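Participant: The sequence isn't on hand, but the structure is:
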């Protein structure tokens, strides 16, 4: 938060000056996190470009019904955009205030910390205006059934908006901010190059990009998992399964019903560098420990269902002291990264649906009971 008083505050109100804001930011020793820095620069850019304002507001209102979107865009034609605005015991990261009406859009910006659903609910309950959440990705997506909740937005999409403006206007600060966003993984996922894929086993650049790629897939899969296994009532607890010796970047979870962990059966997805030194995206179902593996392998019903899956391209991975059945998909460097993420999200959903259709999880639970 930036605290301003006296002449400094008045000069800020008259003309939003980036350096005045950053001076206050630097002098406030209690605030050193990057969220405030990002907030200040972005608000400066919004106040510096009417075109960027319009595009950003259109983005925030994209999912609203046509008549409401048109009305709000008209009301926010010449908005007053401020950062770190105090209101009662709250401080709004970004406030977009309409000079033509009493409407306001409050934006909660999160960069290095998880979104707080209680904060969003508090803003909505106060009925002070429309509310939006802005984060690097849709991880821990916050959904609220409230007509004043505009939604959960991603910095990578804002990056694309800024980039288009940068290409038209050539603002140096916009360009530097985009570089900063790229460094902080706030920009869009870049495509894998053939060199990165060919040298995945030794290349640090690939690992960093692969981690972000799997995170993006996780964001796309989470709503489906929540709806499929918990009927939308609560989130599925996805655990990181990263392992350097196994050259593995993954997430896994224990599928419900209650008491699932005693079976030690899990579903997982991610990227693994395989025996040919190339990376593959995978979906797998497994059972921990050699003892349980032996039980599952001897079960006739499980074996028959596993055979069906093998005819559909699934394989049994016998490199570990556990029972694993998995399906792998090639990582192609020529594909657009965003399209590749969507493809792997769909592959994950379709693979899990196949497991559910033959009721393999039920057979494994019965064998281990």
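Facilitator: Great, that's in hand. These numbers come from a predicted model, not from an experiment.

Participant: Now name the helix or strand holding residue 41.
Facilitator: Secondary structure from DSSP states H and E places residue 41 in helix 34-48.

Participant: And the helices in the stretch 51-200 of the chain, which stretches?
Facilitator: Under the criterion DSSP state H, counting those that start in this stretch, the stretch 51-200 of the chain contains helices at 66-75, 117-126, 155-169, 172-183, 194-198.

Participant: Going by neighbour count, which residues of the longest helix along the chain are buried?
Facilitator: If you go by DSSP state H, the chain has its longest helix at helix 204-230. Buried residues in helix 204-230, defined by neighbour count with 16 or more other CB atoms under 10 Å: 206-207, 209-222, 224-226, 228-229. From N, CA and C alone the C-beta is placed, and that goes for glycine too.

Participant: Likewise for stretch 54-64?
Facilitator: 55, 56, 57, 59, 60, 61, 64.

Participant: Which of those scores worst on pLDDT?
Facilitator: Least confident entry in the buried residues of stretch 54-64, by pLDDT: residue 64, with 86.

Participant: distance of that residue from residue 109?
Facilitator: Using CB to CB, to the nearest Å, we find residue 64 at a distance of 21 Å from residue 109.

Participant: Tally up the residues packed near residue 307, please.
Facilitator: 10 (other CB atoms under 10 Å).

Participant: per-residue confidence for it?
Facilitator: Here the pLDDT value assigned to residue 307 is 95.

Participant: That one: what secondary structure?
Facilitator: Assigned by DSSP: H, G, I helix; E, B strand; the rest coil, the conformation of residue 307 is helix.

Participant: State the distance from it to residue 314.
Facilitator: Distance of residue 307 to residue 314, computed by CB to CB: 10 Å.

Participant: just residue 146 next, same as before
Facilitator: In terms of CB to CB, residue 146 sits 43 Å off from residue 314.

Participant: Of those two, which one has the most company?
Facilitator: The residue with more neighbours, out of residue 146 and residue 314 and counting by other CB under 10 Å, is residue 314; that gives 21 against 15.

Participant: Name the nearest residue to the more buried one, sequence neighbours excluded.
Facilitator: Computed as CB to CB, 6 or more residues apart in numbering, the closest residue to residue 314 that is not its neighbour in sequence is residue 327, at 4.8 Å.

Participant: Then residue 268?
Facilitator: Excluding its sequence neighbours, the residue lying closest to residue 268 (CB to CB, 6+ apart) is residue 252, at 3.4 Å.

Participant: Quick check: what element follows the helix or strand containing that neighbour along the chain?
Facilitator: Per DSSP H and E, residue 252 falls inside strand 248-253. Remark: after strand 248-253, the chain's next helix or strand is strand 265-273, criterion DSSP H and E.

Participant: now that next one: how far from the chain's centre is it?
Facilitator: Taking the mean of its C-alpha atoms, strand 265-273 sits 19 Å from the chain's own mean (CA atoms, centre = their mean, to the nearest Å).

Participant: do the same with stretch 81-92
Facilitator: Here stretch 81-92 is found 26 Å from its chain centre; the criterion is CA atoms, centre = their mean.

Participant: Can you give me the end-to-end span of it?
Facilitator: This stretch, stretch 81-92, spans 11 Å end to end (CA to CA, to the nearest Å).

Participant: Please apply the same query to stretch 71-90.
Facilitator: Stretch 71-90: ends 28 Å apart by CA to CA.

Participant: And the contacts of that stretch?
Facilitator: Contacts to stretch 71-90, defined as CB atoms under 8 Å, 6 or more residues apart in numbering, come from residues 1-2, 16, 21, 36, 39-40, 43, 46-47, 53-54, 57-58, 61, 64, 91-101, 103, 105, 119, 122-123, 126, 128, 130.

Participant: Buried residues, that stretch. List them.
Facilitator: Result for stretch 71-90 [16+ other CB under 10 Å]: buried residues 72, 76, 79, 81, 82, 83, 84, 85.

Participant: among these, which two are most distant?
Facilitator: For these, the farthest-apart pair by CB to CB is 72 and 84; their separation is 23.4 Å.

Participant: Contacts only, for residue 325.
Facilitator: Residue 325 neighbours (CB under 8 Å, 6+ apart): 284, 285, 286, 306, 309, 314, 315, 316, 317.

Participant: and with 7 Å instead?
Facilitator: By CB atoms under 7 Å, 6 or more residues apart in numbering, the residues touching residue 325 are 284, 285, 306, 309, 314, 316.
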